[in-house]
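In: no sequence on this one, just coordinates:
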């Protein structure tokens, strides 16, 4: 009927732009869940943002990871409660200019950086790329946080409590992508 053969092309209705759009929406949902899964700290809560950002950059590449992060920030700027501790700490642009604004911008910068550095790399290369991605996250995050806390406390409040957790998150992403790569390779070999 209407010339569409589902047997020949089971996902023909799902064009590349539609797939990209669905992936973008799913990515924003995952980023929101990562923000809402947190350990309370002050002034910046510990979330799973870093894990999600690194996983997107490693698995999806720089363009899609950056698009997901940009869409997530746009949805949050529009006033939807997607950020950690929102709506309690404010919504929209008010939240973005709060203590966590620099970290959120750092995630946006880290996406294309990690995605570009990780291309074609093995496990150690992926880890190195993700460690490089921490530089803009912490650099921008700490610089912005310094406007909200005394400069002498910036490292103690915005870096020290979080770095160990971020290193564990990077290890989890590296291990997870390594396992997925092995599974994909074995699957391809079994089909050949």
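Out: Sure, I can see it. None of the values given here were measured: they were computed from a predicted structure.
In: what about residue 88, which SS state?
Out: In three-state terms, and counting by DSSP: H, G, I helix; E, B strand; the rest coil, residue 88 is coil.
In: roughly how far does it sit from residue 101?
Out: 16 Å (C-beta to C-beta, to the nearest Å). Every residue, glycine included, has its C-beta placed from N, CA and C.
In: okay, these two: which has more neighbours?
Out: residue 101 (20 against 9; other C-beta atoms under 10 Å).
In: tell me the contacts of the more buried one?
Out: By C-beta atoms under 8 Å, 6 or more residues apart in numbering, the residues touching residue 101 are 95, 144.
In: all further residue positions should be reported with the first residue as 5.
Out: Sure, I'll start counting at 5 from here, so that last one is residue 105.
In: so which helix or strand takes in the closest residue to residue 27 other than its chain neighbours?
Out: Take residue 27 and drop its neighbours on the chain: the residue closest to it by C-beta to C-beta, 6 or more residues apart in numbering is residue 68, 6.5 Å away. If you go by DSSP states H and E, residue 68 is part of helix 53-81.
In: just checking, what packs against that helix?
Out: In terms of contacts (3 or more C-beta pairs under 8 Å, 6 or more residues apart in numbering; DSSP states H and E), helix 53-81 is packed against helix 20-40, helix 96-100, helix 105-122, helix 127-149, helix 164-195.
In: burial count for residue 58?
Out: Count around residue 58 with other C-beta under 10 Å applied: 32.
In: what's it in contact with, if anything?
Out: With C-beta under 8 Å, 6+ apart, residue 58 has these contacts: 114, 118, 134, 137, 173, 174, 177.
In: swap in residue 40?
Out: Residue 40 neighbours (C-beta under 8 Å, 6+ apart): 51, 88.
In: now swap in residue 184 and tell me
Out: By C-beta under 8 Å, 6+ apart, the neighbours of residue 184 are residue 63.
In: dihedrals phi and psi, residue 92?
Out: Phi and psi for residue 92, reported as degrees, to the nearest 10, are phi -50, psi -40.
In: go through the helix holding residue 68 and flag the buried ones.
Out: Under the neighbour-count criterion of 16 or more other C-beta atoms under 10 Å, helix 53-81 has 53-62, 64-66, 68-73, 76-77, 79-81 buried.
In: and it, average pLDDT?
Out: Helix 53-81 carries an average pLDDT of 95.
In: quick one, that helix and helix 105-122 angle?
Out: 120 degrees (axes from the mean of the first three to the mean of the last three C-alpha atoms, to 10 degrees).
In: for the helix or strand of the chain with the lowest mean pLDDT, packing partners?
Out: In the chain, the helix or strand scored least confidently by mean pLDDT, DSSP states H and E is strand 42-43, which has a mean of 78. For strand 42-43, the packing partners by 3+ C-beta pairs under 8 Å, 6+ apart come out as strand 50-51.
In: now do the strand it packs on: everything it contacts.
Out: 38, 39, 40, 41, 42, 43, 44, 88, 165, 166, 169.
In: alright, I will stop here.
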